[in-house]
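# Here's a sequence, model it:
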Amino acid sequence: MGRHDADCLFRVYPMHRYNAQNQWKNSRSASSNFSDVVMLKKLQHAAELEKKMNEEEEKRLFGTVVAYGQCIQVRDRACAHIARWGE
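Numbering: from 1, shown residues only. Predicted structure coming up:
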C-alpha cells in the first residue's frame, strides 16, 4: 500500500536562508593553499551566522499565524524533505 497525501504530516517553518551554508559546503573540497583556507574560515563563519539567524527567526515566529503572501517552507516529518512556497 502506497503513501497518500492524507497520511502526510508537515511542520511549517519561516523561509530559511542557505546561501552561505551552501557556499561553505561546496568550497570545502577546493584546494588547500593559504588564501583558500582564509576564505573557507570566512565562509564557515558566515554559514554559522546564517544558521543562527535562521534559528532566531524560527523562535521569533513560532506560534504565529501564517499570513497570506508570507514565504514559508514545510518539512515532511516522516522523511524530512523540505518544500518552499512563496519564493
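# in the protein, what spans have low per-residue confidence?
Applying pLDDT under 70 to the chain flags residues 1-7, 29-35, 80, 84-87.
# Regarding it, what is its longest helix?
helix 34-61 (DSSP state H).
# Could I get the buried residue list for that one?
40, 43-44, 47, 50, 54 (16 or more other Cβ atoms under 10 Å). Quick note: C-beta positions are derived from backbone N, CA and C, even for glycine.
# Contacts only, for residue 25.
Residue 25 makes contact with residue 47 under the criterion Cβ atoms under 8 Å, 6 or more residues apart in numbering.
# That one in helix, strand or coil?
Following DSSP: H, G, I helix; E, B strand; the rest coil, we place residue 25 in the helix state.
# That one and residue 75, how far apart?
Using Cβ to Cβ, to the nearest Å, residue 25 is found at 19 Å from residue 75.
# how far away is the closest residue to residue 39 other than its chain neighbours from residue 45?
Leaving aside its sequence neighbours, residue 39 sits nearest to residue 27 (Cβ to Cβ, 6 or more residues apart in numbering; 7.1 Å). Separation of residue 27 from residue 45 (Cβ to Cβ): 13 Å.
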